[in-house]
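>>> Have a look; sequence and predicted model below, questions after that.
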Amino acid sequence: MSTARTEFLAGVRAEIPILLAVISFGLIYGVAALSAGIPASLAQAMSFIVFAGSAQFVMVQLVDAGAPGLVIVGTLFVVNLRHLLYSASIAPYLQHLRGSWKALLAYLLTDEAYVVAIVRYQQKGEAGNRHWYFLGCGVALWTTWQASTAAGILLGAQIPPGLPLDFAIPLTFIALAVPIIKDRASVAAAITAGVVVLLTMDLPFRLGLIVAALAGMVVGVLVEGRKK
Amino acid sequence: MNSLWLAAIVAGVITFALRLSFIMGLERIQMPAVLRQALRFVPIAVLTALIVPELLIQRDGTLALSLQNTRLLAGLLATAVAWTTRNVLLTIGAGMAGLLLLEALL
């Protein structure tokens, strides 16, 4: 059985290629937060409190547009609803853990930690220490996110505005999504989610994202056929 | 500014609650088999739903299905690189380089 230490380090290592994209996104988040009039202390505190890159970015856009607090919180709720799916998906693997471990890993359950950790959990073999792998993923992402948002806040205007740094995140998702397309059912789930998200772009509060994800899951099951 | 702090704290509590929900509450409920099967499609369905608008929807909210859409082309390049190499760093690098090159050219 792999030790806690080797699992933790393997988790950190698995995130390293992604960290460059996280840094890019953290930098532009910091810059965007300041230019939306959010104080530096709050911009950084949001990285601690919320710790969800795309949700923080949406909040910045809404603050910039002068949206009321209720709209900001409501939109954030919908944008982050996908974490409910992540939670349900990874929960069966965490049932043997103590409450403090569950709370810690839940706090660290970002897109990039979830996808990398769930791939590890689905592998065959002795799984007793895989929460350390998950923790390694989470810690690598957390420290990088805090440091890069701080750098974005400090460097601010020195970062050239023309650079398409935001594009690093969808590219990361492409890099993570392609290898998990394994069969007809996952192809069908992907195509469905992609089409539905375009058809539902006009829904308020970015509801389209969660509608598309659910549609993809349903079609995935239908194509795969019910398992006993 | 105090209302912004409040919004951030509420946002944090909501985010944490969503992430913790099933992780903490699963012991008390029995998940039906079909739900467990559906949850296996969470990564691919969510990731695709996150990627597609980034490639196809422009800043003004309109759909851009054309060869002038540099993000679409760079995204397709990245997909091809991901498919052949399965390498995260190469995929991000190729997509980024592709986008910068296309924006310089088009």
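Structure received.
>>> Would you pull up the residue in chain A closest to chain B?
residue A:216 (3.0 Å; C-beta to the nearest C-beta). C-betas here are computed from N, CA, C, even on glycine.
>>> And the particular helix or strand that has that residue in it, what's buried?
Taking DSSP states H and E as the definition, one finds residue A:216 inside helix A:208-224. Within helix A:208-224, the residues scored as buried using 16 or more other C-beta atoms under 10 Å in any protein chain shown are A:208-221, A:223-224.
>>> Next one, pLDDT for residue 73 please.
In the absence of a named chain, this looks at chain A. Listed pLDDT for residue A:73 reads 90.
>>> Not quite, go with chain B.
96.
>>> mean confidence for the helix ranked longest in chain B?
In terms of residue count, the longest helix belonging to chain B (DSSP state H) is helix B:2-25. For helix B:2-25, the per-residue pLDDT values average out at 93.
>>> Now do it: everything it contacts.
Counting contacts by C-beta atoms under 8 Å, 6 or more residues apart in numbering or on different chains, the residues outside helix B:2-25 that touch it are A:38, A:42, A:45-46, A:49-52, A:55, A:59, A:63, A:69, A:72-73, A:76-77, A:80-81, A:83-84, A:86-88, A:90-91, A:94, A:99, A:102-103, A:105-107, A:109.
>>> In chain B, which residue sits nearest chain A?
Closest residue of chain B to chain A, C-beta to the nearest C-beta: residue B:45 (3.0 Å).
>>> Model confidence score at the residue nearest the centre of chain A, please.
For chain A, the residue nearest the mean C-alpha position is residue A:111 (2.0 Å; C-alpha atoms, centre = their mean). Looking at residue A:111, its pLDDT is 96.
>>> show me what contacts it?
Residue A:111 neighbours (C-beta under 8 Å, 6+ apart): A:53-54, A:82, A:86, A:173, B:46-47, B:50.
>>> ok, 10 Å please
A:18, A:52-54, A:82-83, A:86, A:141, A:169, A:172-173, A:176, B:43, B:46-47, B:50 (C-beta atoms under 10 Å, 6 or more residues apart in numbering or on different chains).
>>> Distance from the chain centre to the longest helix of chain B, please.
Its chain's C-alpha centre and that of helix B:2-25 lie 20 Å apart, by C-alpha atoms, centre = their mean, to the nearest Å.
>>> same thing with stretch A:195-209?
18 Å.
>>> Show me what the mean pLDDT comes to for that stretch.
Mean predicted lDDT for stretch A:195-209 stands at 91.
>>> buried residues in it?
Applying 16+ other C-beta under 10 Å to stretch A:195-209 flags A:195-198, A:200-201, A:205-206, A:208-209 as buried.
>>> got the contact list for that stretch?
A:54, A:58, A:71, A:74-82, A:193, A:210-216, A:219, B:45-46, B:48-53, B:56-57, B:61-63, B:65.
>>> Need the distance between the two termini of it.
11 Å (C-alpha to C-alpha, to the nearest Å).
>>> Over to stretch B:61-69?
14 Å.
>>> what's the offset of it from the middle of its chain?
Remark: stretch B:61-69 is offset 19 Å from the chain centroid, using C-alpha atoms, centre = their mean.
>>> what sits against residue A:166?
Residue A:166 touches A:21, A:24-25, A:27-29, A:32, A:57, B:54, B:71, counting by C-beta under 10 Å, 6+ apart.
>>> That'll do, ta.
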